[in-house]
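**Q** based on what follows, work out the 3D shape:
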Amino acid sequence: MTRRTCFDALRRAVASAAAASRLPPGGPRAAPAAARTTLERGRVLNDVNHHRRRRLPMMVNCAAPASLAPAAVRHWQSTAGAIQSRVIISAYGPDRPGIMSELAKIILESAGNVENSRATRLGDDSNIMMLVCFGESTDEQRRAFERRVHEIPGLTVTLRATTAKRHTDETLDAGAGRWRRIVLHGTDYPGLLHEMAGSLAQEGINIEAINTDTQKAPFGDDDLFTVDAVVEIPADADIARFKKSLDRLKQKLGVDIEVSDHEPYESVQRHK
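**A** Modelled structure (predicted):
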């Protein structure tokens, strides 16, 4: 039933109750309104109120008011077209099963959406970084979210508001082919990462993402150090000069460096 149908049914029930009070079945016609006693008018009002109370649950069931909807649903519905806020969550603590699940559950129940995340174990600790988007929320809702994430056992959490760097279709087209993936392999020694990052910085090249790892070399007692990085080359950069700088770095450090084209995630999704 629609809400209008419910109201019509209620109105007919109230009118029927009032008419029944004025003219009982098989009884004499009711006296004119001016001649009714106070007691009779009170009885009519009581009957009407009785029908209203009896019909009210049906009216609520036809279309639940917004206040009865789940909190998360109301939250997202109220933010249609609103500017969304983004928060960087950094968390670390002794590694154990379920840490990511607990954090993700709190984000979900707070009407948040994980846009990007990284997680790894360093030593005995689990380290998590997330970019989370929240809709418009009240101070009370924000405080509740902050309180809950800080109550996760063994996890140290920091929160920081940020703005997301989004590549539009225009910037993706203009920068097509300017992302590179650089993979470096070599014998581990202090300063290796500093040398590579410094060389890229001198060319004005920004590191978008980077992962490093140290493993035992297949032969000998040395450790093998690996760097896997994604970089964005500025539009005014000289590609030939960039390649020469990597060749010089390879010779200086005695490492292997592989460079390949890389397509940003946003561009991959747009062309699907």
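**Q** state the distance from Ala240 to Leu253.
**A** From Ala240 over to Leu253 the distance is 21 Å, taken as CB to CB, to the nearest Å. From N, CA and C alone the C-beta is placed, and that goes for glycine too.
**Q** of those two, who's got more company?
**A** When neighbours are counted by other CB atoms under 10 Å, Leu253 comes out ahead of the other of Ala240 and Leu253, with 18 against 8.
**Q** point out where the stretch 151-272 of the chain drops to low pLDDT.
**A** Counting by pLDDT under 70, the stretch 151-272 of the chain contains low-confidence residues at 164-177, 264-272.
**Q** helices of that one, start to end?
**A** With helices called from DSSP state H, counting those that start in this stretch, the stretch 151-272 of the chain shows them at 169-174, 192-202, 239-253, 265-270.
**Q** just list whatever residues bridge to Gly93.
**A** Partner residues in beta bridges with Gly93: Ser126, with DSSP bridges as the criterion.
**Q** tell me the contacts of it?
**A** With CB atoms under 8 Å, 6 or more residues apart in numbering as the criterion, the residues that contact Gly93 are Ile99, Asp125, Ser126, Ile152, Gly154, Leu155, Thr156.
**Q** tell me the contacts of the closest residue to Ala197 other than its chain neighbours?
**A** Using CB to CB, 6 or more residues apart in numbering and skipping residues adjacent in sequence, the residue nearest Ala197 is Ile207, 6.8 Å away. Contacts here follow CB under 8 Å, 6+ apart; on that basis Ile207 touches Ala197, Leu200, Ala229, Val230, Val231.
**Q** only the buried residues of stretch 202-216, if you could.
**A** Of the residues in stretch 202-216, Glu203, Ile205 count as buried by neighbour count, 16 or more other CB atoms under 10 Å.
**Q** actually stretch 213-232, not the one I typed
**A** Judged by neighbour count (16+ other CB under 10 Å), stretch 213-232 contains these buried residues: Phe225, Thr226, Val227, Ala229, Val230, Val231, Glu232.
**Q** and for stretch 180-195?
**A** Taking 16+ other CB under 10 Å as the basis for neighbour counts, the residues of stretch 180-195 that come out buried are Arg180, Arg181, Ile182, Leu184, Gly186, Leu192.
**Q** okay, how far is it across it, tip to tip?
**A** With CA to CA, to the nearest Å as the measure, the first residue of stretch 180-195 is 18 Å from its last.
**Q** before we move on, what about stretch 202-211?
**A** Its first and final residues considered, stretch 202-211 spans 20 Å by CA to CA.
**Q** equivalent analysis for stretch 119-131, please.
**A** One end of stretch 119-131 to the other measures 12 Å (CA to CA).
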